[in-house]
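>>> Just the structure for this:
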Amino acid sequence: MESVAKYDLTAAIAANLDPHMVIPLLDFAESLSTFSPESIARARLQVLESTQMVDFYNEVYQEAFGDDKPHDGMAIKPRDVVVAKYAELHAECKPLLDVIDQKKGDARERHAVSPTSLSVQYGITDAHIEALYSYSKFMFDCGRYQDAAEYLYFYRILSRNEERCFQALWGQLAADILLTHWDDALVGLNQLSDSIEQMTSMPQLDQLKYRTWLIHWGLFIFFNHENGRSSLIEFLNKERYLNTVQTACPHILRYLTTAVIINRRRHSALNDLIKLVSKLSYIYSDPVTQFLQSLYMDYDFETAYQKLIESEAVLSADFFLNYIKDEFVESARLFYFETYFRAHQTISIAKVADALRTSNDEAERWIVDLIRGLGLDARIDSNSDYVVMNKSYPSIYQNIIDKTKSLTFRTHQLVGVVDVKLQASRRLNNPTVV
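Residues are numbered from 1 along each chain as shown. From the prediction side, this is the model:
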């Protein structure tokens, strides 16, 4: 089996995330011991370098290097610089912060605020409102995500700066994700998607960049929200996001494939996914996508089963998918045996038991339930311990004949429609024709 590290997507995903979102991925990678503790510590420092979480940074720095001395162009961050910046930004928007603190607990008051009312009642200016943006961003950079989400909400209500409101929406989404507020995050995801489409003057490369970010940020939501996997399938089946996957992030196929296989009610999405996986296989593949291609494109059952085994290890090492590994394996086995049963005349119960890692008796009961569920005509030969499929369904040749008949019938229908229209046209051009 190929090394799981070969299929690690941490770097590819992290490149499209806010630095704060990368920290949980590094924590997970550390728990797997996939990378050395030194490399994880250095990666954390690089991520924290762009934030204002000075205490966390200094703690990681001391763990990585064992002292407070400069190393490799990095050094301990002075805390007083961050404290001074906080005081400065807080002072610039304090009048507005005081008003927000009064109103944020009352839902009606929250929605009733406006630049005009705040200006008349409290003397709030545009400068105070724009200062709130900088303060909110600083709160986020310090790891105070709840405060950031709250203040960014009010900024978006009050500000007339469309560009900053767009950026504030990203900040609010990031805060909701890090706070695990999945309902709010899903709303924010859809709002951002709509905003990107409404900004018609935005260059296409920028649209591609933002859609790519949104797909990656959405992974947190899609694999944590109770309806997330269905939302993922719907989201990525939109043409603009499907094109983004093909152009900028084909590795997202792993997540789409997993969602489709687990969500058996979404079988309608399976055929399109199979085509997409096959189309992009020269750019990206891993055991999860290879399982699908081997089973449905190549009908190579031996390879498909091997890829299913490898998929289990790959999902175990994936930050977003590890907790649904068992669910995936169970559903993938159903896909596998459904296809296998339809393609074979006889099936060894012992072979199925081995694949299910269970006894022959348990496997036999599982097979009976599967056959009933699929509506197949089959019987179990107890003497040989084989399942015998009764080939009552049409052969491939019969299928071709039936399809040909259907096409011929449809052709006659079309010819008839055209003939009727031609006759009607002649009557219009020559009313005397009977």
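>>> okay, CA-based contacts and neighbour counts for the rest of this
Noted.
>>> Tell me the gap between the helix or strand encompassing residue 147 and the middle of its chain.
Assigned by DSSP states H and E, residue 147 belongs to helix 145-158. The chain centre lies 25 Å from the centre of helix 145-158; the measure is CA atoms, centre = their mean, to the nearest Å.
>>> right, and the helix or strand after it?
Sequence-wise, the next helix or strand downstream of helix 145-158 (DSSP H and E) is helix 162-178.
>>> now the angle between helix 145-158 and that next one, please.
150 degrees (axes from the mean of the first three to the mean of the last three CA atoms, to 10 degrees).
>>> Looking at the helix or strand that helix 162-178 is followed by now, give me its mean pLDDT.
Downstream of helix 162-178, the first helix or strand assigned by DSSP H and E is helix 182-198. The average pLDDT within helix 182-198 is 96.
>>> Next, the angle from helix 182-198 to helix 162-178.
150 degrees.
>>> Go through helix 182-198 and flag the buried ones.
Judged by neighbour count (16 or more other CA atoms under 10 Å), helix 182-198 contains these buried residues: 182, 183, 185, 186, 188, 189, 192, 193, 196.
>>> residues making contact with the helix or strand following that helix?
Toward the C-terminus, helix 182-198 is succeeded by helix 204-222 as the next helix or strand (DSSP H and E). Here helix 204-222 makes contact (CA atoms under 8 Å, 6 or more residues apart in numbering) with 13, 16-17, 174, 177, 182, 185-186, 189, 192-193, 196, 228-229, 231-232, 241, 244-245, 248-249, 320.
>>> Among the buried residues of helix 182-198, find me the one that's closest to residue 275.
Within the buried residues of helix 182-198, the smallest distance to residue 275 is 25.5 Å, found for residue 193 (CA to CA).
>>> give me every residue that touches the closest one.
Here residue 193 is in contact with 211, 214 (criterion: CA under 8 Å, 6+ apart).
>>> quick one: it from residue 135, how far?
25 Å (CA to CA, to the nearest Å).
>>> what do you get for residue 40?
31 Å.
>>> Between those two, point out the one with more neighbours.
residue 135 (27 against 18; other CA atoms under 10 Å).
>>> Averaged over its residues, which helix or strand of the chain has the lowest pLDDT?
Least confident helix or strand of the chain, by mean pLDDT, DSSP states H and E, is helix 396-429 with a mean of 46.
>>> what's around residue 5, how many residues?
11.
>>> so it touches residue 32, yeah?
No. With contacts counted by CA atoms under 8 Å, residue 5 stays clear of residue 32, the gap being 10.6 Å.
>>> same for the host helix or strand of residue 246, what does it pack against?
Secondary structure from DSSP H and E places residue 246 in helix 239-248. For helix 239-248, the packing partners by 3 or more CA pairs under 8 Å, 6 or more residues apart in numbering; DSSP states H and E come out as helix 204-222.
>>> And the next helix or strand past the helix it packs on?
helix 228-236.
>>> Put the alpha carbons of that following helix into CSV.
Provided in CSV are the C-alpha atoms of helix 228-236 (Å, rounded to 0.1, in the frame of the first residue of the first chain):
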residue,chain,number,x,y,z
GLY,A,228,-23.5,19.8,5.3
ARG,A,229,-22.9,16.9,3.0
SER,A,230,-26.0,17.5,1.0
SER,A,231,-25.1,21.2,0.9
LEU,A,232,-21.7,20.3,-0.4
ILE,A,233,-23.2,18.3,-3.3
GLU,A,234,-25.6,21.1,-4.2
PHE,A,235,-22.9,23.7,-3.9
LEU,A,236,-20.3,22.0,-6.1
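>>> mean confidence score for that helix?
95.
>>> Which secondary structure element is home to residue 380?
Residue-wise, residue 380 maps onto strand 378-381 under DSSP H and E.
>>> What are the neighbouring residues in contact with the residue nearest to residue 140 when sequence neighbours are not counted?
Closest residue in space to residue 140, ignoring its immediate chain neighbours: residue 148 at 5.2 Å, by CA to CA, 6 or more residues apart in numbering. With contact taken as CA under 8 Å, 6+ apart, residue 148 is in contact with 136, 137, 139, 140, 171, 172, 175.
>>> Against residue 152, how distant is the fifth one?
As judged by CA to CA, residue 171 and residue 152 stand 7 Å apart.
>>> do the same with the third one
For residue 139, the distance to residue 152 equals 10 Å [CA to CA].
>>> what about the two, which has more around it?
residue 152 (28 against 22).
>>> how about that one, what does it touch?
132, 133, 136, 168, 169, 171, 172.
>>> Now that we have the contacts of residue 148, can you turn them into JSON lines and tack on pLDDT and distance to residue 276?
Formatted as JSON lines, the contacts of residue 148 follow (pLDDT from 0 to 100; distance: CA to CA, whole Å):
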{"residue": "136", "pLDDT": "98", "distance to residue 276": "41"}
{"residue": "137", "pLDDT": "97", "distance to residue 276": "39"}
{"residue": "139", "pLDDT": "97", "distance to residue 276": "42"}
{"residue": "140", "pLDDT": "98", "distance to residue 276": "38"}
{"residue": "171", "pLDDT": "98", "distance to residue 276": "32"}
{"residue": "172", "pLDDT": "98", "distance to residue 276": "33"}
{"residue": "175", "pLDDT": "98", "distance to residue 276": "33"}
